[in-house]
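Q: let's see this in three dimensions:
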Amino acid sequence: MTTNRSLWLLLLYFVMLLAPLGAVSIVESTEARYAEAGREMLASGDFLQPRINGIKHFHKPPLAYWMTAAGMRLFGLNDFGVRFFCVVAACLSVLYVRKTAHILLGDARKTLFAALVFSTSILFITLARIASTEIYLILFVTAAQFHLFRSVYGKKRSYDAPLLGLFLGLGFLTKGHIIFAFTLMPYLAAKIFNGNHRKVFRPGEIIAGSAIFLAIALPWYLLVIAENPGLLSYFFKVHTVDRIATDRFHRYQPFWYFMYIFLVTFLPYILFFGKGLVSIRRLNPPVRNLLLFYVALPFVVFSAVKGKHATYIAPLYGAAAIFTAEAIAAFTAPLLRRISSGLLALIAAAPVVAGFFLPALASARLPLAASSALALAMVWMADHRREDDRFMYWTAGCLMFLAAVGWSIYGLSTMRSTTYKIMTTEINRLDPENKLDILVYKGNLPSVSFYRRKLATMALGSPRETQFETDDQWKNTYIKDEDSLKTYLSGHRELFVITHPRNIESFFAEHSLLCKEISHTKRYNSYRCVRKTAADGGI
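A: Model prediction:
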C-alpha cells in the first residue's frame, strides 16, 4: 500500500514539474549554452564534438548536451524540449533515493519521508527544471549510491557491480571525475573505518564493473582527444587543476560558502538535519556512516576547493535527505516543527510580497495573494498536525506548491518584460526568411542563435577558446578585435544588431550605421541597421 502511494506521489511530482516547463524562456547563460549546443548537434549531425555558436566547447563532457538534443528531437526546438529530460532525471533521482532509503532505514514510513525531503528541497527542485549537467549528475550519483549501499547493507545482487560501473561511467560522461567525489571517494574512505564497507565486491565483480565503466566513459574522451591535439592537457590542467587550485573561472568563494548555501537551500529541513547532527549517537550506525562519509567528507572537500558554485553540492542532497528522514522519525521535536512552520510561513508570504514590490507582477497581485493565502493555509495544517506524520505531508506539499508558484512568478515576470526569446521572435517576424545576420556587440548570447535557428555573430564579448578549431570558419561567428569587426561589417549592407544601450552612439557612429530600435530588454536593445550612403536619410 505504501509502495503504491509512493509511486502515485512520484507520478504526481512528475506531472507538476512537467506542466509549466515551456512557460519560461531559456535562461542566459547556463541553459542557453546547453540548448544551443544541443540544437547545433541536431543541425550538424555531429554529436561527438559539442559546439556553441560554431566553436568547439569542451568545458563539459557531452551527455547533458545529448539529452538536450534528444528532448528537442522528440518535442521540437523549444523550451519544453530543452528541459524535458531534466524532469525525467529528477524523478528517477527521487526513485533511487527512495530505494536507497529503504535499504538504510528499513522502514516504509522513513523511506517516504526521505523521498519527500529530497524531492521538495529548494536546490533540488530548482535544478529539476533547469537544463544543465547538475540534474543528470545527481541522477547518476543517487543511482550509483543505491547499488553501493545495497551491496554494503542490503541483499547484494550479482549485477550491482556492473550497474555501479554503468552509472559511474554515465556520470563521468556528464561531469568527469566529479562523480567519484560522491561515490568511490567516500566508499574507499569508509573501508578504513567501517567493517561493512570491506570485502564488498569480489575480484570478478570489480573487473566487470571496471570494464563497463571504461566501455561507457572512455570512448568519447579517446575519440575527441585523438581529433584535437592538446585536449588531454586541457582537460587535466584547465578543467581539473585550475578549477581546484585557481580562480581562473572567477568562482572563488570562502571556505564557509557551502555552509550558508546548504543552510538556505535545505530549509526548513535543515532544522531536523541539525537535530540529527547534534544527537547523532542516538541514530543507527548506517545512518551515521552515511553522514560522515557520503555527506560530510565531500562537503569538506568541495569547501576546500578554490572555485565554488552553489550547485556543486547538489548531489549531496540525496544522502542528506535520508539522514534527515531518520532524524525526523527518531525525534518528535515539536518545538523544531513549530519553528519549521514559522520559516515556511515566511516563504509562503513571498508571492504576495513579490506582487507589491516587482512592477512586472503588479497586475497579478490578486492571484499572488491567493497563492500566499493557500500556502499559509497549508502551513497552518502542517503546524496543526505537527504531532504526527501529516506534518511532513503538509510541509512537503506546501514547498512543492510554492516551487510551482515561484516558477510561474518567474515566467510571468519575464513575459511582462522583453526577453531574448521575444526579442529574437520579433527579429524572425521582420526577417522570416532568415536572410539577415545578427551581430551581438560586446556580448555573448547563445539564446539568440537558439531562437533564431541560425548562428548569430558575437563580437568583442567574453573570450572563447578557439585553439581546437582546424579552419577559420569560426571567425564568421566570433570576432575578437576591432579590425575583424570592421571587416565583418564591410560585408554587410543590412543586419540586426543587439547591444547594450551605452554602446549605441559610439558603435553606430564609428561604423557608419543608420539604425532603428526594434525592442529592448533590461540589458540589451535590438536594432535593424543599414550602412550609410550619400542618399541615406534613415531606414
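
Q: quick one: the closest residue to Pro268 other than its chain neighbours and Gly406, what's the gap?
A: Among residues not flanking Pro268 along the chain, Ser340 sits closest, at 4.0 Å (Cβ to Cβ, 6 or more residues apart in numbering). Heads up, the C-betas are built off the backbone N, CA and C, glycines and all. Ser340 sits 19 Å away from Gly406, going by Cβ to Cβ, to the nearest Å.

Q: try Gly171
A: From Gly171 to Gly406 the distance is 29 Å (Cβ to Cβ).

Q: what do you get for Phe182?
A: Separation of Phe182 from Gly406 (Cβ to Cβ): 27 Å.

Q: for these two, indicate the residue with more neighbours.
A: Counted by other Cβ atoms under 10 Å, Phe182 and Gly406 do not tie: Phe182 has more neighbours, with 29 against 18.

Q: any idea how far Met378 lies from Ser121?
A: Here Met378 is placed at a distance of 17 Å from Ser121 (Cβ to Cβ).

Q: same deal with His147?
A: 23 Å.

Q: then His59?
A: 27 Å.

Q: those two: which has the busier surroundings?
A: Ser121 (25 against 13).

Q: OK, contacts around Gly318?
A: Gly318 makes contact with Ser93, Tyr96, Val97, Thr100, Phe118, Ile138, Val141, Thr142, Gln145 under the criterion Cβ atoms under 8 Å, 6 or more residues apart in numbering.

Q: which residues touch Ile504?
A: Cys515, Asn525, Tyr527.

Q: mind running it again at 7 Å?
A: By Cβ atoms under 7 Å, 6 or more residues apart in numbering, the contact set of Ile504 is empty.

Q: and it, how far from Leu104?
A: With distances taken as Cβ to Cβ, Ile504 is found 60 Å from Leu104.

Q: same thing with Met185?
A: For Met185, the distance to Leu104 (Cβ to Cβ) stands at 19 Å.

Q: start and end of stretch 154-161, how far apart?
A: Start-to-end span of stretch 154-161 (Cα to Cα, to the nearest Å) is 14 Å.

Q: flag every buried residue along that stretch.
A: Gly154, Asp160, Ala161 (16 or more other Cβ atoms under 10 Å).

Q: flag the least confident of these.
A: For the buried residues of stretch 154-161, the weakest pLDDT value sits at Gly154, with 86.

Q: so how far is Ile280 from the residue nearest to that one when sequence neighbours are not counted?
A: With Cβ to Cβ, 6+ apart as the criterion, Gly154 has its nearest non-adjacent residue at 4.2 Å, and that residue is Ile103. Separation of Ile103 from Ile280 (Cβ to Cβ): 19 Å.

Q: neighbour-wise, which of these two wins?
A: A direct count of neighbours by other Cβ under 10 Å for Ile103 and Ile280 places Ile103 higher, at 20 against 15.

Q: isn't that one right up against Val152?
A: No: between Ile103 and Val152 there is no contact under Cβ atoms under 7 Å: 8.6 Å.

Q: and the strands in the stretch 51-200 of the chain?
A: Secondary structure of the stretch 51-200 of the chain (DSSP state E, counting those that start in this stretch): strands at 51-52, 55-56.

Q: same deal with the chain?
A: 51-52, 55-56, 438-441, 457-459, 478-479, 494-499, 513-520, 525-531 (DSSP state E).

Q: list the buried residues in the last one.
A: What that stands for is strand 525-531. Going by neighbour count (16+ other Cβ under 10 Å), the buried part of strand 525-531 is Asn525, Ser526, Tyr527, Arg528, Cys529, Val530.

Q: ok, the fourth one next?
A: Applying a neighbour-count criterion of 16+ other Cβ under 10 Å, one finds Thr457, Met458, Ala459 buried in strand 457-459.

Q: please report how far the first one lies from Phe182.
A: To Phe182, Thr457 is 40 Å away according to Cβ to Cβ.

Q: by mean pLDDT, flag the weakest helix or strand of this protein.
A: Here the helix or strand of the chain ranked lowest by mean pLDDT, DSSP states H and E is helix 242-245, holding a mean of 69.

Q: how deep is Leu184 tucked in, by neighbour count?
A: So Leu184, with other Cβ under 10 Å, has 15 neighbours.

Q: show the pLDDT at Thr418.
A: Per the predicted model, pLDDT is 62 at Thr418.

Q: now do the same contact list for the residue nearest to Gly154.
A: By Cβ under 7 Å, 6+ apart, Ile103 lies in contact with Phe149, Arg150, Tyr153, Gly154.

Q: mind running it again at 10 Å?
A: 111, 145-146, 148-155, 286, 322 (Cβ atoms under 10 Å, 6 or more residues apart in numbering).

Q: ditto for Arg282
A: Neighbouring residues of Arg282 by Cβ under 10 Å, 6+ apart: Gly276, Arg288, Ala327, Ala330, Phe331.

Q: mind running it again at 6 Å?
A: The contact partners of Arg282, taken as Cβ atoms under 6 Å, 6 or more residues apart in numbering, number zero.

Q: could you do Leu297 as well?
A: By Cβ under 6 Å, 6+ apart, Leu297 lies in contact with Pro186, Ala189.

Q: now do it against Met185, distance only.
A: Distance, Leu297 to Met185, by Cβ to Cβ: 7 Å.

Q: quick check: end-to-end length of stretch 174-192?
A: End to end - Cα to Cα - stretch 174-192 spans 29 Å.

Q: now that stretch, how far from the centre of its chain.
A: Relative to its chain's centre, stretch 174-192 lies at 21 Å (Cα atoms, centre = their mean, to the nearest Å).

Q: got the contact list for it?
A: 63, 133, 136-137, 141, 144, 148, 168, 171-172, 197-198, 293-294, 297-298, 315.

Q: just the buried members of those?
A: Among the contacts of stretch 174-192, those that count as buried by neighbour count (16+ other Cβ under 10 Å) are 63, 133, 136-137, 141, 144, 148, 168, 171-172, 197, 293-294, 297-298, 315.

Q: show me where the stretch 101-250 of the chain has helices.
A: Remark: helices assigned in the stretch 101-250 of the chain by DSSP state H, counting those that start in this stretch are 108-120, 122-127, 134-153, 160-175, 178-181, 184-193, 203-227, 231-233, 242-245.

Q: dump the ones you listed into TSV; add distance to Ile347 as well.
A: TSV is the format used below for the helices of the stretch 101-250 of the chain (distance: least, Cβ to Cβ, whole Å):
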stretch	distance to Ile347
helix 108-120	12
helix 122-127	9
helix 134-153	22
helix 160-175	30
helix 178-181	30
helix 184-193	32
helix 203-227	40
helix 231-233	45
helix 242-245	33
